[in-house]
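Asks: the sequence and its predicted three-dimensional model are supplied below.
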Amino acid sequence: MANGLQIVVCAGIVPDPLQTLEPVSGVDGPGLKNEMVLPAVLDPWAACALYEAARLAASVPGSKLWLVSLGPKAKLQQVMMTVGQKAAFELVAIDGPIGGFADAHATAAALAEAIAALPGLEPERLLVFGGWESATRGAGVTLELVGQRLGITDKFQGVDQTALREDGSFEVLERVEGGKHQVSACAGAPAVLGWATGSLAEPRNNPQTGMQNMRGIMPALQNAKTVKLDANGLRYMQVSLPKQQRETRVEKNMAPDAIARELVEWMAAE
Amino acid sequence: MSTTETILVLTHVDESGAVLTKAALEAVTAGVELSRRMGAALTVGMVGRDAEAAASAVAATGARLLAATGEAFAQARYASDAAGCEAICRTAGASVVLVAAGARLARVAAGVAHRLGGVIDTHITGIGGEGTVEATRWFYRQRMEAVICRETRPWFLLLDSGTHAVYAGEAQTAQVETVEVTLPALRTVVEGLRAPLLGAQTIRPDARLLLVAGAGWTKKQPDGQMHVAEAGEQILAFLRLSGASLGSSKSLADQKAGGGNGADQPVLPFLTHMNQIGQTGSTPRHAKGLSTCCHGEEPHAVGWRFIGERRAISLDANCGWTRGKADVVYVADAFQVMARVNALLEADKAQN
């Protein structure tokens, strides 16, 4: 590619998956109990997108990578301390509410506005990356709405692999039903790619990359634009934890033969 | 009850190009139920190469039938599918659009909603309300459930699969209106589907049973050795004999074979991240689930939200999984148990 790629990764922050979550009602609608003190991480799917983006940017000379993230500044700062050591990027922070109960349309509007305002953005070099869903709202629509607002008509969801060709076109593998991938060839940027897990492992922390990133991360956080997300007519009638308690029979002294017989009978029963 | 709502069910045909998908027929059931309850007019929209041929399966609904059809819709591609769905939606003028589950329409539904000035909610597992439309969906990876409603119209609701019965009306001659679609420049070509080699496909969405393999299969066993090859053989034998689908914990899917040429290969070669269930995996729907060698923490349970009957084999009687999440937990060595299960299934197969 002659001029390199401009890759923008949209990534939210989510409560650490190991935390116990409990819904509470607030003035602005539902939220999580003690939401602001729960440890947060970069959304797992978006993190996969970031690692894939970093690899792609490194493989194409002249490429640039931005990470656009919407969340409370204090939480963003906490998460970026770790994420900043994983890959080299320029942070664009948007100061806004955390959590899965915000409306995806409003979130997409804020992200699209931030992307459109990036200095030196050239649509013909633009790839918008992100997770195909999030671990909060999990709607799988935010990235598509961002692309729609940016006028991009080539979009891929559940991406596990891309292969860039010399002419700037690329092959992309998307997850479809039945454990298969749909293979497509796209003429090139601009495009939106919502990543599933990809194939890269989480990079090790690199303090040098972290130091380099922090020079940009702190000013980005200080200059973060504050947004209030519109509900777009969304109302929550009820938010509750599922009744997941089952009466568990614990068999500690059954012989393997007896267990096997019982399992086979259970499997055969309608 | 009369209403100002009008209902559109947005569907697509399967790979054959002329038959509606199972998820599409489930969405039709949801549409029929909602339109009856609301006293609302119903339209069914279909996208596909020969969508008109598929329409006979839903003609008995009495709904208005619209189709975006032709060679351009043979491929599941964003630009053409979005244009086709947009044309159907504009022609139908519906206030509530029920969208069938599946990768094809999930890819385009939000964009179409935006083009129409509407809103979308996804992963809908139930539609209720009295005189109104209220939708149920899960948040935080199936950890909490919410009932939502919207004032904005059109309101797109992307349904989860398995939440409604498959529509089974008698096939009839259908009168289908073909909508005019203005296609944008098409920059993407779908080249086909890529699946594991024949016989190696371990993900079977229609299976009654889900077997979940955890990282314990690759840990040191009581003899102090790892038995990864044996674990793989046992798991594959069970899948072959039982017809079960295979799920995996993240920790197992993440594991790579150590050193040498296998450094980038999964420790169990038939396992991919597409098998993974839980936080960053899928939440499959099966009637029964059997968990083996899993430690059973909450993220793992998240992946089991929609499994009906749950049993587990674990050496740890006190793990989180054993309390309140499974129906039965066998505190035993999965290697021993599964070898005997396979032997019983093999004998059963030989008899029949």
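Replies: It's in.
Asks: could you pull out the helices for the chain?
Replies: As the question left the chain open, I've gone with chain A. Assigned by DSSP state H, the helices in chain A fall at A:44-59, A:73-83, A:104-116, A:142-149, A:207-222, A:256-268.
Asks: that answer is for a different chain, and I need it for chain B
Replies: Using DSSP H, the helices of chain B run over B:22-38, B:51-54, B:78-92, B:103-115, B:228-242, B:250-254, B:298-302, B:334-351.
Asks: among those helices, which is the most enclosed?
Replies: Mean neighbours per residue, mean count of other C-beta atoms under 10 Å in any protein chain shown, is largest over the helices of chain B for helix B:103-115, with a mean of 25. Every residue, glycine included, has its C-beta placed from N, CA and C.
Asks: for that helix, packing partners?
Replies: Here helix B:103-115 touches helix A:142-149, strand A:155-164, strand A:170-176, strand B:6-12, helix B:78-92, strand B:96-99, strand B:119-128, strand B:155-159, going by 3 or more C-beta pairs under 8 Å, 6 or more residues apart in numbering or on different chains; DSSP states H and E.
Asks: the residue of chain A found nearest chain B - how many residues pack around it?
Replies: Here the residue of chain A nearest chain B is A:Gly179; by C-beta to the nearest C-beta that distance is 2.9 Å. As a burial measure, A:Gly179 scores 20 neighbours (other C-beta atoms under 10 Å in any protein chain shown).
Asks: show me what contacts the nearest residue to it once chain neighbours are set aside?
Replies: Distances taken as C-beta to C-beta, 6 or more residues apart in numbering or on different chains put B:Ile203 closest to A:Gly179, at 2.9 Å, once the chain neighbours are dropped. Residues near B:Ile203 by C-beta atoms under 8 Å, 6 or more residues apart in numbering or on different chains: A:Gly178, A:Gly179, B:Ser245, B:Leu246, B:Met274, B:Asn275.
Asks: out of the helices and strands packed on helix B:103-115, nearest to A:Lys75?
Replies: Closest of the helices and strands packed on helix B:103-115 to A:Lys75 is helix A:142-149, at 18.0 Å (criterion: C-beta to C-beta).
Asks: send the alpha carbons of the closest one over as CSV?
Replies: Output in CSV follows, covering the C-alpha atoms of helix A:142-149 (Å, rounded to 0.1, in the frame of the first residue of the first chain):
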residue,chain,number,x,y,z
THR,A,142,-22.6,0.1,17.8
LEU,A,143,-19.8,-0.5,15.3
GLU,A,144,-22.3,-0.9,12.5
LEU,A,145,-24.0,2.4,13.5
VAL,A,146,-20.7,4.1,13.6
GLY,A,147,-20.0,2.9,10.0
GLN,A,148,-23.4,4.0,8.9
ARG,A,149,-22.8,7.5,10.3
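Asks: now that helix: average pLDDT?
Replies: What helix A:142-149 shows for mean pLDDT is 98.
Asks: just for chain A, where's the confidence low?
Replies: Per-residue confidence of chain A (counting by pLDDT under 70) places the weak regions at A:1-2, A:244.
Asks: where does the prediction get shaky in the stretch 251-352 of chain B?
Replies: Using pLDDT under 70, the stretch 251-352 of chain B drops low at B:256-266, B:279, B:295-303, B:320-322.
Asks: mind doing that once more with 50?
Replies: B:259-263, B:297-299 (pLDDT under 50).
Asks: indicate the residue of it located nearest to chain A.
Replies: Taking C-beta to the nearest C-beta, the stretch 251-352 of chain B has B:Arg340 as its residue nearest chain A, at 3.5 Å.
Asks: look up the closest residue to that residue, ignoring the ones flanking it.
Replies: A:Ala260 (3.5 Å).
Asks: where does chain B have its least confident helix or strand?
Replies: None of the helices or strands of chain B scores lower by mean pLDDT, DSSP states H and E than helix B:298-302, at a mean of 51.
Asks: closest point of chain B to chain A, which residue?
Replies: B:Ile203 (2.9 Å).
Asks: return the residues in contact with the residue nearest to B:Arg340.
Replies: Each residue near A:Ala260 by C-beta under 8 Å, 6+ apart is listed here: B:Val337, B:Met338, B:Arg340, B:Val341, B:Ala343, B:Leu344.
Asks: any idea which of the helices of chain A is most buried?
Replies: Neighbour counts (mean count of other C-beta under 10 Å) averaged over each of the helices of chain A peak at helix A:142-149, with a mean of 27.
Asks: not counting sequence-adjacent ones, nearest residue to residue 254?
Replies: This is for chain A. Spatial nearest neighbour of A:Met254, chain neighbours left out: B:Tyr330 (6.2 Å); criterion: C-beta to C-beta, 6+ apart.
Asks: switch to chain B, please.
Replies: Nearest to B:Asp254 is A:Ala201, by C-beta to C-beta, 6+ apart, at 7.4 Å.
Asks: and for the one you found, the neighbour number?
Replies: Around A:Ala201 there are 11 other residues, counting by other C-beta under 10 Å.
Asks: surely B:Val96 is in contact with B:Leu159?
Replies: No - at 11.9 Å, B:Val96 does not count as touching B:Leu159 under the criterion of C-beta atoms under 8 Å.
Asks: comparing these two, which shows the higher neighbour count?
Replies: Ranked by neighbour count (other C-beta under 10 Å), B:Val96 and B:Leu159 place B:Leu159 first, with 28 against 25.
Asks: ok, the more buried one to A:Gly147 distance?
Replies: Using C-beta to C-beta, to the nearest Å, B:Leu159 is found at 23 Å from A:Gly147.
Asks: can you check A:Ala255 too?
Replies: Separation of A:Ala255 from A:Gly147 (C-beta to C-beta): 58 Å.
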